[in-house]
Structures are given as structure tokens and as C-alpha cells.
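Visitor: Here is a sequence with its predicted model. Questions after.
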Amino acid sequence: MHVRLAACLVVLGSGVSFGGEPAKGLTVTWSQRVVPLLIRNDQDPLLRVTVDVAEKNPGLRLAGVFFELSGADDLGDIDSLSVFATGAEESFGTSIRLGNPARPAREVQFGTTYELRPGKHVFWLGCRLRATADLLHRVDATCRAVQLSTGELLIPKDLTPAVRKRTGVALRRHYDDGIHTYRIPALATTPKGTLLCVYDMRRRKSRDLQEDIDIGLSRSTDGGRTWEPPRVIMDMGEYGGLPEEQNGCSDPGIVVDQNTGEIFCAAVWMWGKPGKHQWSGDGSDPGFEIGKAAQFLMVRSTDDGFSWTPPENMTRKLKKAEWWLFAPAPTQGITLRDGTLVLPSDGRDAKGESFANIMYSRDHGKTWTVSNPGYSPGNECQAVELSDGSLMLNIRTRTRTGYRGVYVTRDLGETWRSHATHLDTLMEPRCSASLYRFDYEKDGAAGSMLLFANPQAKDGRHHHTLQVSFDEGKTWPKSHRFLLDEGRGRGYPSISRVDGGHVGIVYEGSRADVTFQKLSLEELLQGASGG
């Protein structure tokens with residue numbers, strides 16, 4: 001039922017009454033969190049209403065809740081709205097759904113007969129998007145009033161500023177296609193404009209290697225609005241007579257040759273060693289032997305990601321015998337201005353200490369060279385080419401410094417030096433991150449910016465944020481920080497261009513295993529305050 005609150009409300013102190021005995025000891029508030037609304041999700045939370053009942057009011061019930069969606073860009077993006085009672089301040093669940101989903105309108109009322117006993121009662125307004133929702137649109141709602149069974153209308157107190165929630169796509173969700181968990185996404189763009197997202201398909205459990213894990217791929221040819229069904233592009237099956245849970249592939253890194261269009265995807269493969277992990281102890285050993293050292297695999301595609309070669313084991317070509325581990329960094333590689341392909345990588349040296357570095361090819365992927373180790377102790381990393389031709393490597397640190405490692409090389413990793421922002425500027429919750437150079441044209445002039453994404457925190461993987469630098473990574477102004485999802489997730493992000501006017505990001509957020517969102521060039525230039 002649609003109502004216009006202005007036509008029936010008369011303010012009388014803290015509440016509004018039109019008959020019946022006023023309820024005693026009630027406090028009503030509403031608040032919001034920054035989380036995305038995702039296509040394919042059944043419901044995502046728009047706002048939270050809390051009714052705190054301090055005194056007994058026998059027979060008192062909640063009769064209705066009134067909402068307004070004046071902050072929505074287009075009501076046509078919304079498929080339905082629902083109200084849930086969860087009984088938990090931070091939980092958005094489906095314990096009780098109050099009434100049927102409402103059709104979207106600027107003003108919406110939900111009727112109910114929910115009993116209000118003494119204590120705290122939490123209600124959520126949930127939103128389901130249409131498959132056709134615009135990925136650049138936003139949705140916002142406010143709680144205008146709650147109605148009691150006495151006939152009293154109470155005006156809730158707003159505890160948070162307006163939060164115009166971004167839309168996106170739940171690219172991969174828990175148990176999609178029977179897969180337990182999807183993790184470690186990396187996003188890339190082909191010369192044809194196709195978006196490619198690779199990721200771990202963790203079939204039985206969410207845990208890292210060693211486990212039954214394959215590398216999957218999703219393709220989008222319409223800027224991320226829709227995605228083709230996943231392809232399995234790396235699966236070692238029951239190699240060597242061992243079950244699939246002892247033949248896992250993980251941590252995909254992807255690089256597209258922007259001159260030839262060929263695509264390379266690498267991953268680390270473990271054979272045997274149940275219960276081990278390649279980054280600790282003897283999860284990987286010096287040498288090259290399968291079953292002792294974790295293996296470096298690569299697959300290739302020459303048809304825009306439709307089909308892929310069988311996995312090639314490149315361990316003996318790339319890894320030094322004394323290193324305990326050499327693996328691709330789970331991220332996107334880059335094509336330099338001179339055509340050199342660069343794929344970030346990492347490993348454990350002769351002492352077992354972790355390091356970050358790169359591997360590169362000057363012959364379009366026919367042969368690869370592994371650089372010297374850069375920062376240690378670091379591992380997962382992302383590279384960008386700076387305007388002077390040097391490479392900046394942004395690195396996950398293995399120590400509890402609270403900040404990202406940043407190193408620079410002018411000779412493809414033969415030598416390295418620390419950057420002015422090294423262990424100083426960008427927060428690090430001990431998680432992978434993404435660094436991307438976005439070159440663009442606006443008003444006939446060329447421009448560029450660096451984009452950085454990770455959970456913007458030191459104490460955990462929450463507040464998933466994208467930042468912008470206009471001075472080659474020297475500074476990252478607060479005015480250009482875009483909070484995408486303040487909820488907790490597994491945290492790994494990856495950025496790539498969608499087209500000349502948009503960038504896309506995939507990340508492990510609070511509302512899906514892999515979330516895809518899109519931001520416009522205009523918004524990135526304008527800053528977060530103008531979004």
C-alpha cells in the first residue's frame with residue numbers, strides 16, 4: 001500500500017497520535033551502512049530501524065513502518081522491497097519477513113502485527129534489484145515513521161547521514177553452481193573490450209590450498225552488466241592418482257597482451273601435501289619436484305577468452321632451485337608502452353623468506369624472465385608503469401606494519417629502491433590489493449590517474465575502498481576516496497578499465513563472494529564528496 005505521510009502526520013512532541021493510549025518508554029532510531037545493492041542477490045540491506053522498548057506495554061504491537069525512497073535515481077532499478085525482523089543490531093537475515101515484498105514507490109508502507117515486548121527490536125528494509133538495473137545508479141531510503149497498534153505514529157531519530165548505495169553485480173556467490181566458495185578474483189580487459197574475471201573455484205571448503213580448487217573464468221562483453229556462465233580453465237583433476245583435493249590450483253594471475261590480444265593466466269598448483277600451505281613450513285620446498293615444490297602453471301587463450309590451452313608447467317623455466325616457492329601474484333599484469341608483458345609474482349627465497357617481484361616477456365609471451373626479488377618480507381603485489389617508464393610495485397607486507405610496501409624499478413627488477421610512500425601511506429590489513437593506471441581523454445586532452453583499492457583498515461578486511469592519485473602515487477587525497485562496502489569480506493580486489501569513461505572493480509565484499517561495480521571517469525575526477 002502506498003501512502004503520503006505528509007497528508008496524515010501532525011507532529012506532537014516526540015511522537016504523533018491519532019487515538020489510543022500513548023506507548024511508554026519507546027525509542028525509535030534508524031541508521032544506514034555503506035554496502036552495495038547487487039543484481040542477483042535476493043535482498044540487500046537499505047537501512048536498519050531499531051525500536052527499543054524500555055517498559056512493559058501489554059498488548060503493544062508494531063502495526064506499520066513508513067519509508068521514503070526519494071534518494072533513488074530510478075525506481076525502475078528496484079524489483080521489490082521487504083522488511084525483516086532479525087533481533088540483532090548488526091545482522092541482516094530472514095528470520096521474520098513482515099508482509100509481502102512491496103512494489104517500489106517513492107513512499108511505501110509495510111503493515112504488520114509484530115509484538116513489541118521489552119527489549120531491543122531490529123528491523124531491516126531490504127531491496128532486490130532488477131537484472132536491468134543501471135550499474136551507475138544509486139538507491140537511498142529513509143524511515144519516516146513507525147505506527148503502533150495504539151494508533152500512535154513515532155518519528156524515528158536518524159543516526160547516520162544519507163547513504164546513497166551503489167549498485168553492482170553479485171558476480172559469484174556462495175554455492176553458485178554447486179561451488180562452496182569463490183575467492184581471489186583478478187580482472188582484466190581485452191583489446192576488444194571484453195572483461196575477464198578469473199578466480200578460485202573452491203569446491204568443497206573455503207580454505208586455501210591444499211584443497212579441491214580449480215581456476216574459473218567469467219566473461220562480460222557489455223561492460224559488466226551481464227556475465228557468461230563460468231568456464232573452468234585450469235583443473236588438474238586426479239593427476240598422479242591422487243584425488244582432486246590433493247591437486248588444487250589457486251591464486252590466478254592474468255595478463256593480456258594489448259598488442260596481440262593473447263591472454264595468459266598463471267596459477268600455483270600443489271600435488272599431495274594434504275593439510276599444508278605453500279606459504280608456510282614445508283608446504284613448498286626448494287627444487288622442482290612435483291609433490292615437494294609447489295608448481296607454476298600457465299594457460300593461454302588466443303580467442304578473447306573463449307578457449308584455453310591445457311596447463312603448461314613452467315616451474316623449471318622460472319623458479320630458482322634454491323627458492324622454496326615461486327608463484328604468480330593473484331592480480332592483473334600489464335602491457336608496457338614498449339610492448340613488454342609484466343606479470344607480478346612472489347615467492348620464498350633460499351631462507352624461506354617471502355618476497356615480491358615481477359616476471360616479464362619481451363617476445364609476446366614466448367619466453368619469460370624472472371626478476372630479482374624486490375621487497376622482503378612481502379608477497380602479493382601489483383605493478384603499474386609510471387610516466388617516466390619505471391615500474392611501481394605495490395606490495396602486501398608480511399609484517400604488522402599497518403602500511404603497504406611500495407618499491408620502484410627502472411630496469412625490470414634488476415635493481416629495486418623503496419618509494420617515498422613505502423610502509424608509510426597506504427593502510428595494510430595484511431591482504432591483497434589492486435593498483436591500476438587509468439589513462440583517459442577528456443575535453444580533447446589526455447590525462448592519467450593511479451587507482452588503488454583494498455580494505456581501508458589496519459585491523460581487518462573491512463571498509464573496501466578505492467582511492468585516486470593524480471601525482472603518480474606520491475599522494476592519495478582523502479577527497480578522492482570512494483568507500484564501496486564498509487562490511488567485512490575476504491577483501492581481495494582487482495581494478496581494470498571498462499572503456500574510456502569507466503573503470504570496473506571486482507572485490508571480495510560483504511554481500512557476495514565476488515562483487516563487480518563500475519565507476520565513471522567523471523566521478524573519479526570530481527571526488528567522493530560529489531558522488
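Guide: Sure thing, it's come through.
Visitor: gap between the longest helix along the chain and the chain center?
Guide: For the chain, the longest helix by residue count, based on DSSP state H, is helix 521-526. Offset of helix 521-526 from its chain centre (C-alpha atoms, centre = their mean, to the nearest Å): 20 Å.
Visitor: Would you indicate which residues of that helix are buried?
Guide: Neighbour-count burial for helix 521-526, counted by 16 or more other C-beta atoms under 10 Å, picks out 521, 523, 524. Glycine gets a C-beta too; all of them are placed from N, C-alpha and C.
Visitor: for it, packing partners?
Guide: Packing contacts for helix 521-526, counted by 3 or more C-beta pairs under 8 Å, 6 or more residues apart in numbering; DSSP states H and E, involve strand 434-442, strand 445-455, strand 502-507.
Visitor: In this protein, mark out all the helices, start to finish.
Guide: Going by DSSP H, the chain shows helices at 315-318, 521-526.
Visitor: ok, residues contacting the last one?
Guide: Spelled out, that is helix 521-526. 438, 440, 442, 449, 451, 468, 480, 482, 500-503, 530-531 (C-beta atoms under 8 Å, 6 or more residues apart in numbering).
Visitor: Show me this protein divided up by domain.
Guide: What automatic domain parsing lists as the domains of the chain is 5-167, 173-530.
Visitor: so which of the ones you listed is the most packed in?
Guide: Stretch with highest mean neighbour count among the domains of the chain: domain 173-530 (a mean of 20; mean count of other C-beta atoms under 10 Å).
Visitor: And the strands in the stretch 101-250 of the chain?
Guide: Counting by DSSP state E, counting those that start in this stretch, the stretch 101-250 of the chain has strands at residues 107-115, 119-129, 138-139, 142-148, 153-154, 157-158, 165-172, 181-189, 195-202, 213-220, 231-234, 247-256.
Visitor: circling back to that earlier point, just give me the lowest mean pLDDT stretch among the domains of the chain.
Guide: If the domains of the chain are sorted by mean pLDDT, domain 5-167 sits at the bottom with a mean of 85.
Visitor: now it: how far from the chain's centre is it?
Guide: On C-alpha atoms, centre = their mean, the centre of domain 5-167 falls 27 Å from the chain's centre.
Visitor: correct me, but residue 508 touches residue 494?
Guide: No - Residue 508 lies out of contact with residue 494 (C-beta atoms under 8 Å); the separation is 10.0 Å.
Visitor: Distance of residue 440 relative to residue 525?
Guide: According to C-beta to C-beta, to the nearest Å, residue 440 and residue 525 sit 9 Å apart.
Visitor: Overlap in contacts, these two.
Guide: Residues touching both residue 440 and residue 525 (C-beta under 8 Å, 6+ apart): residue 449.
Visitor: show me the residues around the spatially closest residue to residue 235 that is not a sequence neighbour that make contact.
Guide: Leaving aside its sequence neighbours, residue 235 sits nearest to residue 214 (C-beta to C-beta, 6 or more residues apart in numbering; 4.3 Å). By C-beta under 8 Å, 6+ apart, the contact list for residue 214 reads 200, 201, 203, 232, 234, 235, 248, 249.
Visitor: Quick one: residues contacting the fourth one.
Guide: The one in question is residue 232. So residue 232 contacts 201, 214, 215, 216, 217 (C-beta under 8 Å, 6+ apart).
Visitor: Surely the last one is in contact with residue 230?
Guide: Yes - under the criterion of C-beta under 8 Å, residue 217 makes contact with residue 230 at 6.6 Å.
Visitor: you'd agree residue 350 is up against residue 326?
Guide: No - here residue 350 lies out of contact with residue 326, judged by C-beta under 8 Å, at a distance of 11.9 Å.
Visitor: Overlap in contacts, the two.
Guide: Joint contacts of residue 350 and residue 326 (C-beta under 8 Å, 6+ apart) are residue 320.
Visitor: and the residue nearest to residue 235, bridged to which residues?
Guide: With DSSP bridges as the criterion, residue 214 is bridged to residue 201.
Visitor: what's the spacing between it and residue 244?
Guide: For residue 214, the distance to residue 244 - C-beta to C-beta - is 8 Å.
Visitor: tell me, what's touching those two both at once?
Guide: Counting by C-beta under 8 Å, 6+ apart, the residues touching both residue 214 and residue 244 are residue 203.
Visitor: how far out from the middle of the chain is stretch 171-185?
Guide: Using C-alpha atoms, centre = their mean, the offset of stretch 171-185 from its chain centre is 13 Å.
Visitor: Alpha carbons of it, as PDB, please.
Guide: Provided in PDB are the C-alpha atoms of stretch 171-185 (Å, rounded to 0.1, in the frame of the first residue of the first chain):
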ATOM      1  CA  LEU A 171      29.300 -11.900  -9.900                       C
ATOM      2  CA  ARG A 172      29.900 -15.100  -7.800                       C
ATOM      3  CA  ARG A 173      28.100 -16.100  -4.700                       C
ATOM      4  CA  HIS A 174      28.500 -18.800  -2.100                       C
ATOM      5  CA  TYR A 175      27.300 -22.200  -3.600                       C
ATOM      6  CA  ASP A 176      26.700 -20.800  -7.100                       C
ATOM      7  CA  ASP A 177      26.800 -23.800  -9.500                       C
ATOM      8  CA  GLY A 178      27.400 -26.100  -6.500                       C
ATOM      9  CA  ILE A 179      30.800 -24.400  -5.700                       C
ATOM     10  CA  HIS A 180      31.300 -23.900  -1.900                       C
ATOM     11  CA  THR A 181      33.300 -20.600  -2.200                       C
ATOM     12  CA  TYR A 182      34.700 -18.300  -4.900                       C
ATOM     13  CA  ARG A 183      37.900 -16.400  -4.000                       C
ATOM     14  CA  ILE A 184      40.900 -14.500  -5.200                       C
ATOM     15  CA  PRO A 185      39.400 -12.600  -8.200                       C
END
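Visitor: Much appreciated, bye for now.
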